[in-house]
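[1] for reference, the sequence and a predicted model appear below.
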Amino acid sequence: MQQQLAQLVATARQESASVTTRAELEAFKARVVGPHGSLTQVMKGMATLSKEDRPVVGKLINEAKKAVEEILAALLQKVEDAEIASALSAPLDPTLPSPDAPAGNLHPLSRTRERILNSFRKLGFTVAEGPEVETEWYCFDALNTPGDHPARDMQDTLYLPKTFRSADAPRRQEEAMLLRTHTSSVQVRTMLSRRPPFRIVAPGRCFRRDAVDATHSANFHQVEGLWIDRGVTLADLRGVLDFFVKETFGADAEIRLRPSFFPFTEPSFEMDLRSPNLGRLSNRWLEIMGCGLVDPKVLELCGLDPQEWSGLAFGLGLERIAMLVHGIDDIRHFYQNDVRFLRQFA
Ligand code: DAH
């Protein structure tokens, strides 16, 4: 018996030399200590031994078992070392994305823009766009804003050094180029390029010669809205804006239209919002956008017959909405790219 066990251990040690992979290790283990393994067979033989022989043989078997366990432990170490070495020596593809790169998230202004656009999409509005570099005509003249209007002042508008020439459109000869001061220029571009009826919302970047402080930035964003159809009324304007405000600020938000003036709408209003969900600004009337019915003069300038067509328009500041929704107190946070700020909107 002693010899048999010694032989068994010697064979196991010998065989173990050829084991290199985890699968081979498993097979080897089964051959020795599995249910039909060589050592298991010997252990089963214990039952047939006499009472006197049992303790002696038991001791021998335990020693053999210990030897086999040591062989297995050494093999496992060897196999694991080989696996790690092969993983480390695999060719590295530096163009693959890092597996532990942190996931990014949308900028709070992008999130707010999408949220706003989505609420208007539900009312059948589609998204329109226009250029950030505009001509004076699209930004002001076509919107019935006279040449001496303060908005056109060099103090407020960023003019570009170049002028724009167009032979085919007399009104656009020798026109000044500027950075658009509002997205209302997209109203003009849309009316000139599409047949009504239509409903559009136009998000985009605007520029003004503003000194930067907690609520002003020389570069900011607006969302413009325009609905042209037959028989559009103030009731439509109220309905559209009320829906938008309830979608954005909750079902118990309310709106108020306050008479105002814009050159391109008649009548014109400031729309105020009141909501119980705005933290310390709750239940106060807050001015959030300009709006009105499209001035017939603007329809005419954009080639639409005011006898047939009518429209509503509105324009809001994206930063203002994002600040209210998230309780942000300084507009400059949006542009500083501080990840401690940005991460809060993940
Ligand atoms: N363009 C205006 C501004 O930047 C906002 C505005 C007011 C847009 C009334 C509109 C409107 O479409 O109807 O201050």
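    Thanks, I have the structure now.
[2] my reading is that residue 232 lies in a helix. Confirm?
    No: counting by DSSP: H, G, I helix; E, B strand; the rest coil, residue 232 is not part of a helix but coil.
[3] need the pLDDT of the nearest residue to it once chain neighbours are set aside.
    Excluding the flanking residues, the one nearest residue 232 by Cβ to Cβ, 6 or more residues apart in numbering is residue 310, at 4.5 Å. Glycine gets a C-beta too; all of them are placed from N, C-alpha and C. We have a pLDDT of 98 for residue 310.
[4] list the contacts of residue 310.
    228, 229, 230, 231, 232, 233, 293, 294, 299 (Cβ atoms under 8 Å, 6 or more residues apart in numbering).
[5] how far away is the second one from the ligand?
    When distance is defined by Cβ to the nearest ligand atom, to the nearest Å, residue 229 is 16 Å away from the ligand.
[6] what's the closest non-adjacent residue to that residue?
    Nearest residue to residue 229 in three dimensions, chain neighbours excluded: residue 197, at 3.8 Å (Cβ to Cβ, 6+ apart).
[7] verify the stated contact: that neighbour with residue 236.
    No: if you go by Cβ atoms under 8 Å, residue 197 and residue 236 don't touch, sitting 11.8 Å apart.
[8] the two: which has the busier surroundings?
    residue 236 (17 against 13; other Cβ atoms under 10 Å).
[9] where does that one land in three-state SS?
    Following three-state DSSP, we place residue 236 in the helix state.
[10] same check, this time on residue 117
    Of the three states, residue 117 takes helix according to three-state DSSP.
[11] and it, what is it in contact with?
    With contact set as Cβ under 8 Å, 6+ apart, residue 117 has these partners: 125, 127, 201, 203, 223.
[12] quick one on the thing from earlier: pick out the most distant pair among the contacts of residue 310.
    233 and 299 (15.1 Å; Cβ to Cβ).
[13] same drill for those two, tell me which one is more crowded.
    Between residue 233 and residue 299, counting by other Cβ under 10 Å, residue 299 is the more crowded of the two (21 against 11).
[14] quick check, pLDDT for the more buried one.
    Residue 299 carries a pLDDT value of 98.
[15] shouldn't it be in contact with residue 311?
    Yes: Residue 299 lies in contact with residue 311 (Cβ under 8 Å); the separation is 7.0 Å.
[16] what's the overlap in contacts for those two?
    residue 228.
[17] now do the SS call for whichever residue of the stretch 151-300 of the chain sits closest to the ligand.
    Proximity of the stretch 151-300 of the chain to the ligand (Cβ to the nearest ligand atom) peaks at residue 290, 2.5 Å away. At residue 290 the chain is in strand, as set by three-state DSSP.
[18] any of the contacts of residue 310 buried? List them.
    Neighbour-count burial (16 or more other Cβ atoms under 10 Å) is assigned, among the contacts of residue 310, to 228, 232, 293, 294, 299.
[19] export those to a markdown table and tack on secondary structure?
    As requested, those are exported to a markdown table (three-state DSSP):
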| residue | secondary structure |
| --- | --- |
| 228 | strand |
| 232 | coil |
| 293 | strand |
| 294 | strand |
| 299 | helix |
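[20] which bits of the stretch 101-250 of the chain sit near the ligand?
    Neighbours of the ligand within the stretch 101-250 of the chain, by Cβ under 6 Å from any ligand atom: 182, 184, 224.
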